[in-house]
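Student: Structure, please.
(4 chains, ligands or ions: 2)
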Amino acid sequence: MAGLEDLYREIILDHYRSPRNRGELPTPPAHKTEGFNPLCGDEVVVYLDVDPATDTVRDIKIAGQGCSISQASTSMMSGAVKGKTVDEARRLIRAFKALMSIHESKLEGEGDGADLAADLEGVRLGDLEALQGVVKFPVRIKCATLAWNTLQQGLDEIAE
Amino acid sequence: MAGLEDLYREIILDHYRSPRNRGELPTPPAHKTEGFNPLCGDEVVVYLDVDPATDTVRDIKIAGQGCSISQASTSMMSGAVKGKTVDEARRLIRAFKALMSIHESKLEGEGDGADLAADLEGVRLGDLEALQGVVKFPVRIKCATLAWNTLQQGLDEIAE
Amino acid sequence: MTITTPLDVERIKRDFAILSRDLDGKRLVFLDSAASSQKPESVLAAMDDMYRRHYANVHRGVYRIAEEATAAFEGARAKVARFVGAKSSAEIVFVRNATEAINLVAYSWARANLHAGDAIVLTHMEHHANVVPWQMLAAERDIEIRWIPLTPDYMLDLTKLDETLEGARLLSVSAMSNVLGTINPVRQMVDAAHAHDALALIDACQFVPHVRTDVTEWDADFVAFSAHKMCGPSGIGALWARRELLEAMPPFLGGGEMIRDVRLDGFTTNDVPWKFEAGTPPIVDAVGFGAAVDYLQCLGMDAVRDHEMRLTRYALDALTESFPDTLRIYGPRDVSVRGGAVSFLFDGIHAHDISQVLDEHGVCVRAGHHCAKPLMRQLGVPATSRASFYVYNDEADVDALVAALAMAEQFFAH
Amino acid sequence: MTITTPLDVERIKRDFAILSRDLDGKRLVFLDSAASSQKPESVLAAMDDMYRRHYANVHRGVYRIAEEATAAFEGARAKVARFVGAKSSAEIVFVRNATEAINLVAYSWARANLHAGDAIVLTHMEHHANVVPWQMLAAERDIEIRWIPLTPDYMLDLTKLDETLEGARLLSVSAMSNVLGTINPVRQMVDAAHAHDALALIDACQFVPHVRTDVTEWDADFVAFSAHKMCGPSGIGALWARRELLEAMPPFLGGGEMIRDVRLDGFTTNDVPWKFEAGTPPIVDAVGFGAAVDYLQCLGMDAVRDHEMRLTRYALDALTESFPDTLRIYGPRDVSVRGGAVSFLFDGIHAHDISQVLDEHGVCVRAGHHCAKPLMRQLGVPATSRASFYVYNDEADVDALVAALAMAEQFFAH
Ligand SMILES: Cc1ncc(COP(=O)(O)O)c(C=O)c1O
Ligand SMILES: Cc1ncc(COP(=O)(O)O)c(C=O)c1O
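Tutor: Ligands and ions are numbered 1, 2, ... in the order given. Now for the predicted structure:
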């Protein structure tokens, strides 16, 4: 089962079994955003507490339910952006999507993802790179990106 | 062109070239009914003057335009019902449709038309039988029946 | 007494080319027919022959291949009509799928007849296809939607049926749940609806492929189903409706074929069923649909049902015996009130992850909400795995499923 | 400079199995591609392969064949998008046919945006598909329909275009008439519509199969076309629309796939284009559609257009020379402003009867109103005969037509 071990790296299963930052934050001051994967029904809820003075993600909590990939990705995302500035968080989003969308864009037959590499430049994804195995399983990409799309939507809503 | 001669009998072409009873009747007392073949655009207009005292088709006139089959059938129909009682006209309609629908019903895959033979019993179709060749050309059946359906609709409307 | 010849599954499997596909050394174990079934050789051959010998647009050509195409297309309609017990071909409207069939009723019949304050009755086990069209209408017209709930053993709770139907205009219900497998008491529900002057729409998408169907016996008003779940091609389905209803309904889509006459100031409509078929239809898919019902009729729908009951019983037993503590089945246990869609979950393992491991073993099952999110919320789960059976499945397929599940459980337990 | 390789029609004919069909000793001369075209081997093979190796429902399965099916389905969408110059696959909504595409716009965009007193502009040469949906809306909402008339040489009379567009919300016009062959000045008309703040819908059903199309160059808002007229299967077509428009439009059909979430009290919609694709799509037909655009692209659309211009000129000349006094052609003579649909009538012989005799000679032409009854009334005829050409037709087909017409004329003259 070579393929499967590519997808389900140990660190992913670890985040799945022991998700970080689970819980809720009072709204306000925190902002709550829900994300759905319309295909499989996975749900992610992101509570974001952004300090307006420093534009920093002061705290983040996660709720919802889903498969190991979506849950692990959500857990990793929460750890990666906590304490970061909004700009840094947005850079992470772009980098992570670039990591994933190399395949996603191929599925849709548009471009070859070459220029997406630019987005990856200079961003340290760390543990998140464990999720790279997902690109070999196209239908699971949406599981991995759900948390990040929800984060992006949350940041956009806060900025408004 | 054996098949074609079956369809285009001399008497049909004659009715096509010299249609009987063409014209209009004043309404009222006459009743006007329009029929369409939605597939090819043929149109038939039937003016019916039914004497309510005797329930007889006192006069009938025909207008409209269409292919040789629809025009010949209309012309023949007008001659066949003129002077007949409404009951006799209705029997003719049933008989003519039976002549045609043996194939029509087969096209729709329902029944084998066996019991339709009853409708033909005891009715003299005369010249109209020249139209029987049409059943070998399924799409033309609607051309042949257009006038009769319009007549039927007219009689129904008058009866109301 | 009807004598039912049992299905010869070994022979049937050979009718479905895809089932002999090799997946990196593993045979394809296809257990997702509730989503869409595979197609037998005879269906593929019928469609191929149409394109190679008889293809032309239908209804409008005088020439021979156009006549042949029209006869094949209308012949398919007659076959489908007979297959579900319709009184006439005129009662079968070809649509893209069951979803469009339900939307057709919602746009044409319901928008002409339902008004603010009216009520529609649905159930908690409906597919989105039988939920969203009504929610769209409800939002537009201020119509109330009422829901029939479930019993703890995954049946409809009909104790308050009469109350729920009070003043309702439509009952729209699935004949068989695509998640639970539950077969609902259609005739009883139709009668109850009629007693309250409501019409009854039956979503028979999961029923027609698996159980002998007689729409006239049901006494229903509308019945929707899709070809692709019953050995037919994707791209075509049918709405059956009583002829008087179809005749009274306003048209839905406008265009060629559905008209009698068009003038600058308006149009008149064609006879049913064509009144509801605007534009060039899925001609060849219809022919494939006809070949599919021929295929099923040839197997015999009673034999199909017998086979699936036996196989479902075997599967329910095998799953329960193999995973007594960790696997939960969502759906009735009694195979006489259920079909072959078996939903289940492992403790602590997401359905999606189960599917993924099964795929490595060539076993295809569906994971997700199965287009029934309201039901998922009732069940309190985000998703289930679902194995579903059809005429080409046998005990060996169930065994392969159980073996793969054991490996999946082990994989996530380490 | 683009170098166009002329079509090798002899070789192309061999790609279409039906063209070698023998009709009682006569070869099939298929001149009805404007109604529906024949399909090349590559399209049939692509569909057959899908059913035999990769078939499963799309978008919802985790297992391999479901992934393959989804990739093939979405890959086809990308091919179609590129073929018509769309900026993104998200702008291509798969529908059953052009008729449904136009109805989708009428139900979703128009019903959300047009109100009593608004006006829609159509032309006298529109197909019923681009008339009836608007008449339905007009009757429902008290909307005005305005008509652009024809010139005596069968072009649109655009002298009063600006006046006609005054206060209009939509211009909906055919890029090429299916009766007259006339090619309309799309870009000019779109610009005029936009100058009046009206949107522009282009019925490109007859255009996309025959002339290189760039929807972005047209600057249109909606473009409708059908696969079955462009070497693809029946049962699928496309609506192209600008992404922002699609995103702003309310959904049309409700059901699976088009939703993001469904709760008892309402639903939210999926991203475009899926928001408009409720239920199981014509999966395999989509793949066939993709293979059809591959086939056309491989021939080269400029070569296709060159070929058809040459053949149409040959046909117009042959008809005029052979029947100088008795045959009348309805449509422009200049092949640079027309496609290969040639409508004609013989003095005193109905189109239907002509077709019938032609059929005896294996020559397939259409007879009737061609779903354009308003145009027929403008022309003052009940019906016409129409021969239409495509990539697999050549001069020999035109010669066969002329010879058969001569016999028909003789048959009815006796
Ligand atoms: C100009 C035009 N518009 C629309 C249509 C409708 O196409 P379809 O029947 O594929 O929906 C046709 C084809 O008949 C056409 O020629
Ligand atoms: C119960 C039920 N209803 C409706 C549908 C919708 O069918 P389709 O996608 O063919 O329109 C399905 C299939 O997914 C179903 O299982």
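Student: near ligand 2, which residues of the stretch 51-200 of chain C show up?
Tutor: Counting by CB under 6 Å from any ligand atom, the residues of the stretch 51-200 of chain C close to ligand 2 are C:Asn97, C:Ala98, C:Thr99, C:His127, C:Ala129, C:Asn130, C:Ser174, C:Asn178. C-betas here are computed from N, CA, C, even on glycine.
Student: does the helix or strand hosting A:Gly64 come close to chain D?
Tutor: Assigned by DSSP states H and E, A:Gly64 falls within strand A:56-65. No. Residues of strand A:56-65 are not located near chain D by CB under 8 Å from any CB of the partner chain, the shortest gap being 12.2 Å.
Student: same for that strand, what does it pack against?
Tutor: In terms of contacts (3 or more CB pairs under 8 Å, 6 or more residues apart in numbering or on different chains; DSSP states H and E), strand A:56-65 is packed against strand A:43-51, helix A:68-81, helix A:86-107.
Student: Averaging pLDDT over each of these, report the lowest-scoring one.
Tutor: With a mean of 76, helix A:86-107 has the lowest mean pLDDT of the helices and strands packed on strand A:56-65.
Student: now it and strand A:43-51, what's the angle there?
Tutor: Orientation note: helix A:86-107 sits at an angle of 150 degrees relative to strand A:43-51 (axes from the mean of the first three to the mean of the last three CA atoms, to 10 degrees).
Student: now the angle between helix A:68-81 and helix A:86-107, please.
Tutor: Using the same axes, to 10 degrees, helix A:86-107 lies at 150 degrees relative to helix A:68-81.
Student: Output helix A:86-107 as PDB, restricted to C-alpha atoms.
Tutor: Provided in PDB are the C-alpha atoms of helix A:86-107 (Å, rounded to 0.1, in the frame of the first residue of the first chain):
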ATOM      1  CA  VAL A  86      -2.600  38.700   8.600                       C
ATOM      2  CA  ASP A  87      -0.100  39.300   5.700                       C
ATOM      3  CA  GLU A  88       1.900  36.300   6.700                       C
ATOM      4  CA  ALA A  89      -1.200  34.200   7.000                       C
ATOM      5  CA  ARG A  90      -2.300  35.200   3.500                       C
ATOM      6  CA  ARG A  91       1.100  34.300   2.200                       C
ATOM      7  CA  LEU A  92       0.800  30.900   3.800                       C
ATOM      8  CA  ILE A  93      -2.600  30.500   2.200                       C
ATOM      9  CA  ARG A  94      -1.200  31.200  -1.200                       C
ATOM     10  CA  ALA A  95       1.700  29.000  -0.700                       C
ATOM     11  CA  PHE A  96      -0.400  26.100   0.500                       C
ATOM     12  CA  LYS A  97      -2.800  26.400  -2.400                       C
ATOM     13  CA  ALA A  98       0.100  26.500  -4.800                       C
ATOM     14  CA  LEU A  99       1.300  23.200  -3.300                       C
ATOM     15  CA  MET A 100      -2.100  21.700  -3.900                       C
ATOM     16  CA  SER A 101      -3.300  23.500  -7.000                       C
ATOM     17  CA  ILE A 102      -0.600  22.200  -9.200                       C
ATOM     18  CA  HIS A 103      -2.800  19.200  -9.600                       C
ATOM     19  CA  GLU A 104      -6.100  21.000  -9.200                       C
ATOM     20  CA  SER A 105      -5.500  23.200 -12.200                       C
ATOM     21  CA  LYS A 106      -4.400  20.200 -14.300                       C
ATOM     22  CA  LEU A 107      -7.700  18.500 -13.500                       C
END
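Student: Give the other helices and strands that that helix contacts.
Tutor: Applying 3+ CB pairs under 8 Å, 6+ apart, we find helix A:86-107 packed against strand A:56-65, helix A:68-81, helix A:117-120, helix A:138-159, helix D:64-83.
Student: Pick the most deeply packed of those.
Tutor: helix A:68-81 (a mean of 26; mean count of other CB atoms under 10 Å in any protein chain shown).
Student: For that helix, which helices and strands make contact with it?
Tutor: Counting by 3+ CB pairs under 8 Å, 6+ apart, helix A:68-81 packs on helix A:10-17, strand A:43-51, strand A:56-65, helix A:86-107, helix A:138-159, helix C:351-360.
Student: rewinding a little: now tabulate the helices and strands packed on strand A:56-65 in JSON lines and tack on distance to C:Asp197.
Tutor: Converted to JSON lines, these look like this (distance: least, CB to CB, whole Å):
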{"stretch": "strand A:43-51", "distance to C:Asp197": "40"}
{"stretch": "helix A:68-81", "distance to C:Asp197": "47"}
{"stretch": "helix A:86-107", "distance to C:Asp197": "50"}
